[in-house]
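Q: sequence and predicted structure, then a few things I'm wondering about:
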Amino acid sequence: MARSSSSAGRKRRGLKNNTIYLAISVVVFVVVVFILFRSSGTVPQEAGANEVTNESRAAAEPARATPALAAIEPATASVQTTRPAPVPTPTPAPIEQSAGPQGQEPAPQEAAQPTTVASDDVLPPAPAVDAKAAAVVAEAMAMLNSPPRQVISARNKLNEALSMPMPASQRLAVKEELAKLSKEWLFGPAAFAGDTLCDNYTVQPGDLLQVIGRRNKVPYELLMQINNIPRPQSLQAGKTIKVVKGPFHAKVCRSTFTLDLYLQDVYVRSFKVGLGRAGYETPTGLWRVQEGGKLIAPTWTDPDSGRVYKATDPDYPLGSRWVALDGIEGDAKGRTGFAIHGTKEPEQIGTAGSRGCIRMFNGDAIIIYNMLFPLYSKVEVIE
């Protein structure tokens, strides 16, 4: 009996303890639920306010910033890390957006300037041709390309164009056309009707080729060349030959190392020449072909060394021909000892390497020799 009473008492105490534990558990559960409910209703709202206004609050209340907040970027930066936006490519600001006070546009920043040059500062390219000269040349070419060919009229037109201002390339083209035509009207065997520079002549009994040449102020060698006469003695009375009405003249340009040949005032062709080196510059001015100054391979004395050269010497320097010049105007006036001649150093043509004379290729020197007439032919040297 005593054991049964003790056992029943223990059971009653166990039930009482269980009831207490259950009640405590219920209370704890309710408290936890209440706390969780409050947390879910208020904390997210504060977090959301912090996210949007963090930048303005940090600026207005810097003393309240925590160490953690002070170490991070402003709120705008945190927004960009969660929702990245594309980074715009820098472009020059539109004029309307950069307008200053009273609608005036401030000077654009240098970084926004385009890399092109303003159109007002760009110089127009030099014209390839002169329009007026080109029109004259076109008229001359039409005379040559339309039958019947008008060689003399075209020559005169081209020569007229040559006196007009034009770019160097256009001038060179005109000279080339005139040089081509000279093979017909000058060096060809026939004289063209209406040409005032060439004519036909019937040889009279007793005529001498040298006299006919002197009468027309041209060397007889030229008349032999264009009429295919092998020797002066071969001239036959009654035969018609072509005569050229001289004199010829030359113009030497020191800057281009060229010699332009003219019959009276009509351009014939150009030659490359060599001129005087430093200290021995070919004098500018007007020269005249010396009387008796046209020689074939003459003996020559070097004025510096005194050495006498003969045509048979292997190092003879004068080449095929010698045309002596007398200075009559400009820096050339009163100067002697200068000449147009051939050379044994053709590589120096087109350079300044002589003692002042005008050097030519030996073949070209022969052509000039056959055209320049003493006392009447002039040689002008220009820069």
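A: Yep, it's here.
Q: not counting sequence-adjacent ones, nearest residue to residue 155?
A: residue 181 (5.1 Å; C-beta to C-beta, 6 or more residues apart in numbering). Backbone N, C-alpha and C define where each C-beta goes, glycine included.
Q: my guess is the one you found contacts residue 151. True?
A: Yes: Residue 181 is within contact range of residue 151, at 6.3 Å (criterion: C-beta atoms under 8 Å).
Q: which of the two has more neighbours?
A: Legend: neighbour count by other C-beta atoms under 10 Å for residue 181 and residue 151, higher for residue 181 (22 against 18).
Q: same question for the host helix or strand of that one: list its buried residues.
A: Here residue 181, judged by DSSP states H and E, is contained in helix 168-185. Of all the residues in helix 168-185, those buried under the rule 16 or more other C-beta atoms under 10 Å are 170-171, 173-175, 177-178, 181-182, 185.
Q: same question, stretch 220-240
A: For stretch 220-240, by 16+ other C-beta under 10 Å, it's 220-224, 226-227, 229, 235.
Q: how many neighbours does the residue nearest to residue 222 when sequence neighbours are not counted have?
A: Distance criterion C-beta to C-beta, 6+ apart; nearest residue to residue 222, sequence neighbours excluded, is residue 370 at 4.8 Å. Neighbour count of residue 370, defined by other C-beta under 10 Å: 19.
Q: residue 324 bridge partners, please.
A: In this entry, residue 324 is beta-bridged to residue 339, by DSSP bridges.
Q: just list the residues touching it, thanks.
A: 289-290, 293-295, 338-339 (C-beta atoms under 8 Å, 6 or more residues apart in numbering).
Q: same question for residue 258.
A: Residue 258 neighbours (C-beta under 8 Å, 6+ apart): 252, 270-273.
Q: dump the contacts of residue 324 into a markdown table; add secondary structure and distance to residue 244 as well.
A: Formatted as a markdown table, these follow (DSSP: H, G, I helix; E, B strand; the rest coil; distance: C-beta to C-beta, whole Å):
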| residue | secondary structure | distance to residue 244 |
| --- | --- | --- |
| 289 | strand | 16 |
| 290 | strand | 22 |
| 293 | strand | 21 |
| 294 | strand | 17 |
| 295 | strand | 22 |
| 338 | strand | 26 |
| 339 | strand | 23 |
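Q: could you pull up the residues touching residue 262?
A: Contacts of residue 262 by C-beta under 8 Å, 6+ apart are 248-251, 268.
Q: just the closest of the residues you listed to residue 315, please.
A: Proximity of the contacts of residue 262 to residue 315 was ranked by C-beta to C-beta; the top entry is residue 250 with 27.8 Å.
Q: output the lowest mean pLDDT helix or strand found in this structure.
A: For the chain, counting by mean pLDDT, DSSP states H and E, helix 67-70 ranks last in confidence among helices and strands (a mean of 36).
Q: flag the shaky bits of this protein, pLDDT-wise.
A: Low-confidence segments of the chain (pLDDT under 70): 1-127.
Q: could you list the domains of it?
A: With domains defined by automatic domain parsing, the chain comprises 128-185, 187-246, 248-382.
Q: so which of the ones you listed is the most packed in?
A: Highest mean neighbour count of those: domain 248-382, a mean of 18 (counted as mean count of other C-beta atoms under 10 Å).
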